[in-house]
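Visitor: sequence? don't have it. structure:
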Ligand SMILES: [Zn+2]
């Protein structure tokens, strides 16, 4: 009986030794990684450091693996709104549910806005019956390149970092 105990104790200590060795290796690997990361960051320009967090620029943009727009849909007539409402503009209904808007649509109206540092395209996109006011991105803002009925899809882009390093994400629609 005593023999068996001592044997198992020996086995255990051997296993412990192995564990310690592994832990040490893992720790060393981790340190190497950390050092590398730090060196990389140091070469970048100063300013707020990206903290890995993102926030949508408008509250109806839902971020994630596949970002999408979320509308408030009237429970009685299914009209959709992107802003918060107390009552439906179509039927005066007061109950809304959240609805996911299709990420693809077609341009139903647009205007090329030439004010500001560079021209851009302001458009209304029809996403399977839901009208979305948006800017068109990834397309030259000229009447030759932008056309009515043009198929587009939702796209997101970074707007910059806040002081904490959180990235603000905006959306637009790009040619599909
Ligand atoms: Zn309604």
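Guide: Everything's here; your move. Model, not experiment: these values are computed from the prediction. Numbering: from 1, shown residues only.
Visitor: which pLDDT value belongs to the most centrally placed residue in the chain?
Guide: When C-alpha atoms, centre = their mean is applied to the chain, the residue found nearest the centroid is residue 63 (3.5 Å). In this prediction, residue 63 carries a pLDDT score of 96.
Visitor: ok, now which ones touch it?
Guide: Counting by C-beta atoms under 8 Å, 6 or more residues apart in numbering, residue 63 makes contact with 54-56, 156, 169. C-beta here means a position set from N, CA and C on the backbone, and glycine is covered the same way.
Visitor: so which of the residues you listed are in strands?
Guide: Secondary structure from DSSP state E places 54-56, 156, 169 of these in strands.
Visitor: residue 52 versus residue 128, what's the distance?
Guide: 33 Å (C-beta to C-beta, to the nearest Å).
Visitor: likewise residue 67?
Guide: In terms of C-beta to C-beta, residue 67 sits 17 Å off from residue 52.
Visitor: same question, residue 112
Guide: For residue 112 relative to residue 52 (C-beta to C-beta), the value is 37 Å.
Visitor: more crowded one of these two?
Guide: Neighbour totals were compared for residue 112 and residue 52, and residue 112 leads with 16 against 8 (other C-beta atoms under 10 Å).
Visitor: quick one: residues contacting the closest residue to the more buried one other than its chain neighbours.
Guide: In space, and not counting its chain neighbours, residue 112 is closest to residue 141: 5.1 Å by C-beta to C-beta, 6 or more residues apart in numbering. Applying C-beta under 8 Å, 6+ apart, we find residue 141 in contact with 112, 118-121.
Visitor: thank you, goodbye.
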